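Participant: Return a 3D structure for these sequence lines:
(chains A and B)
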Amino acid sequence: MRLPIKVSTATSNFMIGVTAAASAGVYFARGDIDPFIAAPVAAGVLLGSVAGSHLLGRLQSRVVRIVFVVVLLYVSGEMLWRGVRWNVAK
Amino acid sequence: MTKTNPSSPAPASNRDKARQVEILISTLLRVGVVTSLTVVVAGTVLSFFHHPDYLSSRDELARLTKPGAAFPHSAGDVFSELKQLRGRAVVVLGLLLLIATPVMRVAVSVFAFIYERDRAFVIITATVLALLLLSFALGKATG
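Facilitator: Residues are numbered from 1 along each chain as shown, chains lettered A, B, ... in the order given. Below you'll find the model as predicted:
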């Protein structure tokens, strides 16, 4: 993708941030956001994003990609395991 | 003219304006995120302070996050619970600040593009803001 970095960050800011805010507002108005589940998630995401933006400048993109793949594999493995266990328990 | 590049003063001043706007928006996002994080953490601490049994009993803690638990989600409820200093209302206030931050960002962008005299982007951004507010209104109406 040969998009200039400014264009892509602006697009992502506008599209991801704004659409997420719109859906978050709707979920909230309908009472579907449990504050005590959202609170630790919000704290973790915000601290993680600050740490991530500081680390990003110092890490090689190859390292970032490998870490990302490992994390995704772990998460998908856990989801699979939960799904299998749930069906067995039933 | 005190400009360093007198041959093209207009692009330079446009760049200065864009820079000012970028800094303003980055400050807004930073302040919004830090404020909401502070309020969310304060609300959580307040909640555990009011109910120390959350820390000692796993069952009590599970009750806090069990599905279908009632919590304030209208402006009136949040406000009346805030007056009683309930932890969950403070957490909700923090989450509302977090949701409002990108909305404020778009609102500020509308004025920023007016300041930069970029008509096309004023229209685009105003449309985005209008759709955003419309989605909040529609979400509330069906809820």
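Participant: Counting neighbours, what do you get for the residue nearest to B:Ile114 when sequence neighbours are not counted?
Facilitator: Leaving aside its sequence neighbours, B:Ile114 sits nearest to B:Val122 (C-beta to C-beta, 6 or more residues apart in numbering or on different chains; 5.5 Å). The way it works is simple: take the backbone N, C-alpha and C, and place the C-beta from them, glycine included. Neighbourhood size, B:Val122 [other C-beta atoms under 10 Å in any protein chain shown]: 18.
Participant: Also the one 5 residues further on?
Facilitator: For B:Thr127, the neighbour count with other C-beta under 10 Å is 11.
Participant: Check A:Ala24 too.
Facilitator: Neighbours of A:Ala24 (other C-beta under 10 Å): 22.
Participant: Which strand or helix spans it?
Facilitator: helix A:18-29 (DSSP states H and E).
Participant: what's in contact with whatever helix or strand comes next after that helix?
Facilitator: Sequence order places helix A:35-56 as the next helix or strand after helix A:18-29, per DSSP H and E. For helix A:35-56, the surrounding residues in contact (C-beta atoms under 8 Å, 6 or more residues apart in numbering or on different chains) are A:64, B:33, B:36-37, B:40-41, B:43-44, B:47, B:64-65, B:71, B:88, B:91-92, B:94-95, B:98.
Participant: Let me see the contact set for the residue nearest in space to the middle of chain B.
Facilitator: In chain B, the residue lying closest to the centroid (C-alpha atoms, centre = their mean) is B:Thr101, at 2.1 Å. By C-beta under 8 Å, 6+ apart, the residues touching B:Thr101 are A:21, B:28-29, B:32-33, B:36.
Participant: Likewise for B:Gly43?
Facilitator: A:35, A:39, B:87-94.
Participant: Please pull out the lowest mean pLDDT helix or strand from chain A.
Facilitator: Among the helical and strand segments of chain A, the one scoring lowest on mean pLDDT, DSSP states H and E is helix A:5-12, with a mean of 67.
Participant: List, one by one, the residues from chain B near chain A.
Facilitator: B:33, B:36-37, B:40-41, B:43-44, B:47, B:64-65, B:69, B:71, B:73-74, B:88, B:91-92, B:94-96, B:98-103, B:105-106, B:128, B:131-132, B:135-136, B:138-140, B:142-143 (C-beta under 8 Å from any C-beta of the partner chain).
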